[in-house]
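Trainee: kindly return the folded structure for what I paste below:
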Amino acid sequence: VQLVESGGGLVQPGGSLRLSCAASGFSFSTYWMYWVRRAPGKGLEWVSIIRPHDSYTYYADTVKGRFTVSRDNAKNTLYLQMNSMKSEETAVYYCTGSYVYTTLTEYDYWGKGTQVTVAS
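Mentor: Below is the predicted model:
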């Protein structure tokens, strides 16, 4: 099983970035998929969730209206479009998945993360 994030980097406040997560080794289309992040010196924070089958989405209040999660089941890929980014969103962003909906620390699979730095 692999989850490989990409697309991180340096972006200015107010800017945009698109993260991707390539999944392999499991039935991606049947899994709940999540983006979570860890800011420097802070704990894990869930950012967004996308359901299998109907791709219904959920967002943390802090990102609602600015971030968009999507999935391409044909390509086994998860995405996170991040707009109007803020400096406090500097973090390592992780792609995670679970077969049934569960809480932050119980996900089945984790990627290694991609660093996102929001700074001028």
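Trainee: run through this structure and note the low-pLDDT ranges.
Mentor: Filtered on pLDDT under 70, the chain yields no residues whatsoever.
Trainee: any idea what the residue nearest the centre of it is bridged to?
Mentor: Centrality entry for the chain: nearest residue to the mean C-alpha point is Trp35, 2.4 Å, by Cα atoms, centre = their mean. Judged by DSSP bridges, the bridge partners of Trp35 are Ser48, Cys95.
Trainee: contacts only, for Ala91.
Mentor: Arg37, Arg38, Ala39, Pro40, Lys42, Glu45, Gln115, Val116 (Cβ atoms under 8 Å, 6 or more residues apart in numbering). For every residue, glycine as well, the C-beta is placed using N, CA and C.
Trainee: where's it relative to Phe26, distance?
Mentor: Distance from Ala91 to Phe26, counting by Cβ to Cβ, to the nearest Å: 25 Å.
Trainee: before we move on, back to that, would you agree the residue nearest to the centre of the chain is in contact with Val69?
Mentor: Yes. Using Cβ atoms under 8 Å, Trp35 is in contact with Val69, at 6.2 Å.
Trainee: identify the contacts common to those two.
Mentor: Shared contacts of Trp35 and Val69 (Cβ under 8 Å, 6+ apart): Ser48, Leu78, Leu80.
Trainee: closest to Ser16 among the residues you listed?
Mentor: Nearest to Ser16 among those: Leu80, at 11.0 Å, using Cβ to Cβ.
Trainee: give me the nearest residue to the closest one, chain neighbours excluded.
Mentor: Using Cβ to Cβ, 6 or more residues apart in numbering and skipping the chain neighbours, the partner closest in space to Leu80 is Leu19 (4.3 Å).
Trainee: tell me how many other residues surround that neighbour.
Mentor: Residues within reach of Leu19, counting by other Cβ atoms under 10 Å, total 23.
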